[in-house]
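Enquirer: Quick check, what structure comes out for this input:
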Amino acid sequence: MSLLDVRVPAVLLRIDRNPFHHGTLGAVRSLGRAGVDVHVVADSAGSPVRSSRFVRELHPPPAPRASAAEIVTVLRRVAARIGRPAVLIPMDDASAIAVGRFREDLAPDYLLPRQPGALPERVADKAELAEVCAAAGIPHPGTLVPGSAEQAAAAAWRLGLPVVAKWSRPWLVPAGSGLRSTVVVRSAREARELFLRAEEAGSRLLLQEFLPPGPDRDWFFHGYADRTGAVRAGGPGRKQRSWPRDAGLTAVGRWTPNAQVQTLAERLIGELGFRGIFDLDFRRCGSTGRYHLLDFNPRPGAQFRLFADSAGLDVVRALHLDLTHRPLAAGAPLAGRAFVVENYAPLSALRPALGGRELAWSAADDRGPALAMWALWGRHVTERLLGRLLERLRRGVAGPVRTAHSPVVRQAGEPAVGAAPAGELSGAPGDEKAGSC
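Expert: The predicted structure follows:
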């Protein structure tokens, strides 16, 4: 018998168009396996998620760059089709912000954590996060928000080159603009030129102290803050491999006890009065040993299934249980457990895992998504390689097509994918961490 109230369906909302978003599949499986009807509001036409046997129904998503009010209209349409209250789970920052703004309007149809509507937007904004950390006494890289191109150049020198440049609201960066949500800049001129594109990016540019990557420096914390504010489920994890190297999503993560990270996470959540699912990224400074908060995502992280405990509780199940007034089972942490994203770390997916492991796509009880993912991934890699080759031919550049990793994180709203090499994707000394973990 399921511990979850299976009479209450769940609606997963994702606005970004990434077909390889394995976090959505993780949420579908987590709730579907518990007997909950799972509805997905996302661009799933070409996504492997649509192949999961645990999806009850797919619904058309809001249009790209839809306003918060337009997103609410779509959700009301979905609610009318379902015909009963559902637990609503935003799966990206833009969704979480829209839901936070219109919580009261959605409340009759959806079950949602009760918290100040502006809080998700405040913590997701990279510039405001620096102020949040300063007020709460949480270590954060030195950050400056220039008001002009000349101030941007001066800020780069003041912080010490290289510096990390971020758009404060990366979900507003238009796809196809060539702009990146986060990038390492190595000269004052680069900082000046980037500032001049602020209007195109749709948000403020901020410059941040660069914390060099290194072994065991990238950490994350996933959790769920219940109605009382207590942090339940989740835990601290260590990023062992990332894609792009040292600059992107977690390709291999391991559940690793870390009292300092745990204390920082719980203190911040308590100071803010945050309620709901959250995903925090930290980087340890090599010279001071302090853990600096880089990102606060007010929604499930893509690798949240890493933290499924001995009772099967993860942050998504914790949310459903809490909002339906069911007790949260007290399971034991499974320290050492690993989470592997197969298309970014294929060799790690094949190696034995002594502490237990979950794969992002492959599952014995749900084989469709992995088969669909590999077919889609093969086409994607082929198209990327051919595109690079054609570009070189057009430019008349001699030499082989390179697959070197760019020192950037993915552009907001586009797939966090690239032409992966045949072997393992691992970090290497000297690779940049362009902003967030």
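Enquirer: Okay, the residue nearest the centre of the chain and T250: tell me how far apart.
Expert: Centroid check for the chain by Cα atoms, centre = their mean gives G301 as the closest residue, at 4.6 Å. For G301, the distance to T250 equals 8 Å [Cβ to Cβ, to the nearest Å]. Placement of C-beta: from N, CA and C, glycine included.
Enquirer: Over to G270?
Expert: For G270 relative to T250 (Cβ to Cβ), the value is 26 Å.
Enquirer: Which one of these two is surrounded by more residues?
Expert: Set G270 next to T250 and count neighbours by other Cβ atoms under 10 Å: T250 wins out with 27 against 14.
Enquirer: mind checking how far the more buried one is from W243?
Expert: Distance from T250 to W243, by Cβ to Cβ: 8 Å.
Enquirer: A127 too?
Expert: Applying Cβ to Cβ, the value for A127 to W243 is 26 Å.
Enquirer: higher neighbour count, the two?
Expert: More crowded of A127 and W243, by other Cβ under 10 Å: W243, with 24 against 18.
Enquirer: In space, what's closest to the more buried one - neighbours in sequence excluded?
Expert: Y344 (4.0 Å; Cβ to Cβ, 6 or more residues apart in numbering).
Enquirer: for the one you found, helix, strand, or coil?
Expert: coil (DSSP: H, G, I helix; E, B strand; the rest coil).
Enquirer: Just the pLDDT at it, thanks.
Expert: Per-residue confidence (pLDDT) for Y344: 95.
Enquirer: Report how many residues lie close to it.
Expert: 27.
Enquirer: How about T228?
Expert: Residues near T228, counting by other Cβ under 10 Å, number 8.
Enquirer: ok but it is inside a strand, no?
Expert: No - using three-state DSSP, the secondary structure at T228 is coil, not a strand.
Enquirer: Would you check how far apart it and A124 are?
Expert: 24 Å.
Enquirer: cool, and S47?
Expert: Note on S47: its distance to A124, by Cβ to Cβ, is 23 Å.
Enquirer: what do you get for L4?
Expert: 28 Å.
Enquirer: still on that earlier bit, common neighbours of T250 and W243, please.
Expert: V341 (Cβ atoms under 8 Å, 6 or more residues apart in numbering).
Enquirer: Let's test this: mean pLDDT of the longest strand along the chain, rounded?
Expert: Longest strand of the chain, by residue count under DSSP state E: strand 231-243. For strand 231-243, mean pLDDT rounds to 95.
Enquirer: Pull up the pairing partners for the helix or strand just after that strand, direction included.
Expert: Scanning forward in sequence from strand 231-243 by DSSP states H and E, the next helix or strand is strand 249-255. If you go by DSSP bridges, strand 249-255 pairs up with strand 231-243 (antiparallel), strand 338-340 (antiparallel).
Enquirer: I'd like these as a markdown table, with distance to Y224 appended.
Expert: Below are the strands paired with strand 249-255 laid out as a markdown table (distance: least, Cβ to Cβ, whole Å):
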| stretch | distance to Y224 |
| --- | --- |
| strand 231-243 | 5 |
| strand 338-340 | 17 |
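Enquirer: Tell me which of those strands is the most buried.
Expert: Most buried of these by mean neighbour count (mean count of other Cβ atoms under 10 Å) is strand 338-340; its value is a mean of 26.
Enquirer: hmm, who's touching that one?
Expert: Residues outside strand 338-340 that contact it (Cβ under 8 Å, 6+ apart): 237, 240, 250-255, 303, 305-306, 348-349, 353, 355-360.
Enquirer: If any of those are buried, give me the ChimeraX selection for them.
Expert: Typed into ChimeraX, the next command selects the buried ones out of the contacts of strand 338-340 (criterion: 16 or more other Cβ atoms under 10 Å):
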select :237,240,250,251,252,253,254,255,303,305,306,348,349,353,357,358,359,360
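Enquirer: What sits closest to R227 if chain neighbours are left out?
Expert: Closest to R227 by Cβ to Cβ, 6+ apart is D322, at 6.1 Å.
Enquirer: All the strands of the stretch 151-300 of the chain, in order from the start?
Expert: For the stretch 151-300 of the chain, strands defined by DSSP state E, counting those that start in this stretch occupy the ranges 163-167, 182-185, 205-209, 218-225, 231-243, 249-255, 276-284, 291-297.
Enquirer: Using TSV, lay out those strands together with distance to C133.
Expert: Output for the strands of the stretch 151-300 of the chain, formatted as TSV (distance: least, Cβ to Cβ, whole Å):
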stretch	distance to C133
strand 163-167	14
strand 182-185	17
strand 205-209	12
strand 218-225	14
strand 231-243	18
strand 249-255	22
strand 276-284	11
strand 291-297	6
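Enquirer: right, and these - which one's nearest V78?
Expert: V78 lies closest to strand 276-284 among these, at 19.7 Å (Cβ to Cβ).
Enquirer: by contact count, what packs against the top helix by length along the chain?
Expert: Criterion DSSP state H: the longest helix present in the chain is helix 368-395. Judged by 3 or more Cβ pairs under 8 Å, 6 or more residues apart in numbering; DSSP states H and E, helix 368-395 is in contact with no other helix or strand.
Enquirer: how distant is that helix from the center of its chain?
Expert: 23 Å (Cα atoms, centre = their mean, to the nearest Å).
Enquirer: Next, the buried residues of that helix.
Expert: Going by neighbour count (16+ other Cβ under 10 Å), the buried part of helix 368-395 is 368-370, 372-373, 376-377, 380-381, 384.
Enquirer: And for stretch 140-152?
Expert: Neighbour-count burial for stretch 140-152 flags 140-146, 149, 151-152 (criterion: 16+ other Cβ under 10 Å).
Enquirer: ok, now stretch 116-135?
Expert: By neighbour count on 16+ other Cβ under 10 Å, the buried set for stretch 116-135 is 119-130, 132-133.
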